[in-house]
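1. Next input, structure requested:
(2 chains)
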Amino acid sequence: MTVEAEIVDTGSRAAPKKGRRLRAFLRNPTFVAGVAILGFFVFIALFADVLFSDDPMAMMSSPLVWPGEDMQFPLGTDQLGRDVLSMLAHGARASLLVGISSAAIGLAIGMVVGAAAGFFGGWVDTVSMRLVELFQTTPTFLLVIVIVSISAPSITTIVVAIGISSWPTVARLVRAQFRSLRESDFVMAARSLGYSRLRIIVQEILPNALPPVIVAASVMIANAILTEAGLSFLNMRDPNIVSWGGMIGDGREQLRNAWFLTALPGAAIAMAVLSLNLVGDGLNEILNPRNEP
Amino acid sequence: MRMGRRIATTLKRAAIHAGPTVLGIVVLDFFFLQLMPGDAADVMATEAGSASEETMAALRHQFGLDQPVLTQLMNFLNHLAHLDLGFSPRFNTSVLDLILERLPGTLLLMVTALGFALLIGIVLGSVMAAWAGKWPDRLLSIVVLLLYSMPGFWVGLMAIVLFSVKLNWLPNDGSETIGAHLTGFSFIADRLSHLVLPALALASFFVAVYARLVRTSMLEVQRQDFMRTAHAKGLNPFLVQLRHALRNALIPVTTVAGMHLGNLLGGAVVVETLFGWPGMGRLALEAVLARDFSVLLGVLLLSSLLVIVANVAIDLLHAWLDPRIGEA
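-> A predicted model of the protein is given here:
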């Protein structure tokens, strides 16, 4: 099976292989559904200012208008008379921004540590893995709270805090990949050609170690969105930015008479996270076909 | 006899492994405390309302805050060795007493949530595996994926709307009815009714994790030789699934449960705050609001230790579930 696949791989040109890959992506319903929902949220986040040009923090109408009561505000207004639909759209921007940037920080740290640990082994590996274990033992959410409270909560500190506390998973994954790849034939070939270590790590091993990291990345963005929602709900948030978690926190006061203020942003979080999980599951099936029973 | 040796080996290995981690956590904790804005003297001065430069300096000298960082670290370690986590000016007791007072609440909530998550997760996962690829599997997969994506505290809020506000079945605040002075059965019933909603909110995400895991490992176990042997012996198919398949499928579940204990404690911060549950997590948030960082870091330290202890317990459980572990 593997030998055959290798022959096909080396024998075929890049173009038809790419076509096959693309078709595999399109044939996977999980992946397509995930990308469709995620695409919707990205579109809303990018064009929130155009679609809803008024300030989402501004008072637009009488407070606590229920969804469907006034067609000017299809999803109603909150206790300060702000347009819920506009706030949801602008909240998409905050959630995706925090999710993507903190996952990027976590991926960067995790890939550097994991690559070093897996490639060099020895004491580098021991120290890195001890550090990973340390971070995995401390409860992540508490760690994020501690880091955010070192400085005032702003979107930057929240992103950095979530990034710092999310790298160990990636480090483990990349380390495992590097350990299995560093003795492989193409790395031997690169060594014998006298390539520098950095070049071997970055150009030879890293591209081959990426598939599981890509899957992990979508899950990391999803987790970061959930963490940010929890923080905002606890009022550890940037006061100048509308966020879904913050909307839930504000809406909680009105739970008895206007529960839609809590339900709607929560549903938005669930859908965004769901789309990322679907993309992750789909990618996993496509990139590691042998894992599926 | 062999059981005893296995447990001894597992314990020894755990002690060797956990020692450096504990030390690392303590040092990390100390440096976070150094990074926090203001020190104990600032907190005391704010509490008192005013303080001159001289009293501040005296306070700093008294707490040893004017000494080099390394000396302070040694002092910190020395205090910790005597189980002294410092004094909280805000709550006016020692930090350790404060946390230990809240620990049982958190433990009760966590154990109940973990129990719910394991029970529901294993049932859902087994049902999904038994009907793999058919409609019960597909339907439950969607439910599980939704649970996996919803923030736990939002599940809790929606449960409050349904069960407390609309149906008026369950209470949504605190851990007991205040001033009721209940005894016997009604006391326990009152406590349990307060526990249900927060435990379910905390469990929701983990139900999804365990259901997916049980489904995968149940399907994997079916292909093993001992399963074929058990079927060939003519055992009742249901008993085969229960005694042979599930027992083996549970090993990865317990491993993952150990890895998730930290997340469970983190989730408890939000859920405890939401339901007014008197636990460590809510204490952490109260400490943030009061800017009382020794309490916050004490909570971080003790919950990390809790994770380590729980992981040792899980290693022991493994030694019992799988006779091959701990032999070597």
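2. which ones are touching residue 199?
-> Chain wasn't specified; assuming chain A. residue A:190 (CB atoms under 8 Å, 6 or more residues apart in numbering or on different chains). The C-beta positions use only the backbone N, C-alpha and C, and glycine is treated the same way.
3. meant chain B, my bad for not saying
-> Contacts of residue B:199 by CB under 8 Å, 6+ apart are B:109, B:112, B:113, B:116.
4. Quick check: it is in a strand.
-> No: Residue B:199 is assigned helix when assessed by DSSP: H, G, I helix; E, B strand; the rest coil, not a strand.
5. Residues of the stretch 1-150 of chain A that sit close to chain B?
-> Residues of the stretch 1-150 of chain A that fall close to chain B, judged by CB under 8 Å from any CB of the partner chain: A:130-131, A:133-134, A:136-147, A:149-150.
6. Setting aside sequence neighbours, what's the nearest residue to residue B:296?
-> Nearest non-adjacent residue to residue B:296, counting by CB to CB, 6 or more residues apart in numbering or on different chains: residue B:287, 4.2 Å away.
7. right, and the one you found touches residue B:295 too?
-> Yes: the criterion here is CB atoms under 8 Å, and residue B:287 meets it with residue B:295 at 3.8 Å.
8. Put the buried members of the residues of the stretch 1-150 of chain A next to chain B into a PyMOL selection.
-> Entered in PyMOL, the line below selects the buried ones among those, by 16 or more other CB atoms under 10 Å in any protein chain shown:
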select buried, chain A and resi 131+133+134+136+137+138+139+140+141+142+143+144+145+146+147+149
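9. Pretty sure residue A:90 sits against residue A:48.
-> Yes: under the criterion of CB under 8 Å, residue A:90 makes contact with residue A:48 at 4.9 Å.
10. Give the rounded mean pLDDT of stretch A:117-124.
-> Across stretch A:117-124, pLDDT averages out at 85.
11. I meant stretch B:284-297, not that one.
-> The average of the pLDDT scores along stretch B:284-297 is 79.
12. start to end distance for that stretch?
-> Start to finish, the residues bounding stretch B:284-297 are 8 Å apart (CA to CA, to the nearest Å).
13. Which residue ranges of chain B form helices?
-> For chain B, helices defined by DSSP state H occupy the ranges B:2-35, B:40-48, B:53-62, B:69-81, B:95-130, B:135-149, B:152-159, B:184-221, B:225-232, B:237-239, B:247-275, B:280-290, B:293-321.
14. Confidence-wise, which of the ones you listed is weakest overall?
-> In terms of average pLDDT, helix B:40-48 trails the rest of the helices of chain B, at a mean of 65.
15. Kindly report the residues of the stretch 1-150 of chain B close to chain A.
-> Contacts of the stretch 1-150 of chain B with chain A, taken as CB under 8 Å from any CB, map to B:20-21, B:24-25, B:28, B:32, B:35-37, B:145-146, B:148-150.
16. Pull the most distant pair out of those.
-> B:37 and B:145 (41.7 Å; CB to CB).
17. hang on, the earlier thing: return a ChimeraX selection command for the buried portion of the residues of the stretch 1-150 of chain B next to chain A.
-> This is the ChimeraX syntax for the buried subset of the residues of the stretch 1-150 of chain B next to chain A, where burial follows 16+ other CB under 10 Å:
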select /B:21,24,25,28,32,36,145,146,148,149,150
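18. Mind pulling the model confidence for the residue in the stretch 101-250 of chain A positioned nearest to chain B?
-> Nearest residue of the stretch 101-250 of chain A to chain B (CB to the nearest CB) works out as residue A:141 at 2.7 Å. Residue A:141 is assigned a pLDDT of 87 by the prediction.
19. how about the nearest residue to it, chain neighbours excluded?
-> residue B:266 (2.7 Å).
20. now residue A:220
-> residue A:103 (4.2 Å).
21. What of residue A:236?
-> Nearest one to residue A:236, counting by CB to CB, 6+ apart, is residue A:153 at 4.6 Å.
22. so how many other residues sit close to that neighbour?
-> 20 (other CB atoms under 10 Å in any protein chain shown).
23. thinking again about what came up before, which of the helices of chain B sits closest to residue A:189?
-> Of all these, helix B:184-221 comes closest under CB to CB, at 35.9 Å.
24. what's the closest non-adjacent residue to residue A:147?
-> residue A:161 (3.8 Å).
25. In contact with that neighbour, which residues?
-> Per CB under 8 Å, 6+ apart, neighbours of residue A:161: A:102, A:143, A:144, A:147, A:148.
26. Those: which two are farthest apart?
-> Longest span within those, CB to CB: A:102 and A:143, 13.0 Å.
27. Name the residue of the stretch 1-150 of chain B that lies nearest to chain A.
-> Residue of the stretch 1-150 of chain B nearest chain A, by CB to the nearest CB: residue B:149 (3.9 Å).
28. my guess is that residue meets residue A:267, correct?
-> No: the pair residue B:149 and residue A:267 does not pass the contact test of CB under 8 Å, sitting 10.4 Å apart.
29. Let me know whether residue A:213 touches residue A:173 as I believe.
-> Yes: assessed by CB under 8 Å, residue A:213 is found in contact with residue A:173 at 6.1 Å.
30. for chain B, which residue is closest to the average position?
-> The centroid of chain B falls nearest to residue B:265 when counting by CA atoms, centre = their mean (3.5 Å).
31. any idea how far residue B:23 is from residue A:130?
-> Relative to residue A:130, residue B:23 is positioned 10 Å away (CB to CB, to the nearest Å).
32. And residue B:218, by the same measure?
-> Residue B:218 sits 35 Å away from residue A:130, taking CB to CB as the criterion.
33. One more: residue A:162?
-> 22 Å.
34. ok so, going back, can you tell me the SS state at the residue nearest to residue A:236?
-> What three-state DSSP gives for residue A:153 is coil.
35. check contacts around it.
-> Taking CB under 8 Å, 6+ apart as the criterion, residue A:153 is in contact with A:231, A:236, A:237, A:238.
36. would you list those residues in TSV and tack on pLDDT and distance to residue B:128?
-> Formatted as TSV, those follow (pLDDT from 0 to 100; distance: CB to CB, whole Å):
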residue	pLDDT	distance to residue B:128
A:231	89	33
A:236	84	37
A:237	82	37
A:238	81	41
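37. Which of those residues sits closest to residue B:227?
-> Of all the contacts of residue A:153, residue B:227 sits closest to residue A:231, with 45.9 Å by CB to CB.
38. Could you give the residue of chain B that lies closest to chain A?
-> Here the residue of chain B nearest chain A is residue B:266; by CB to the nearest CB that distance is 2.7 Å.
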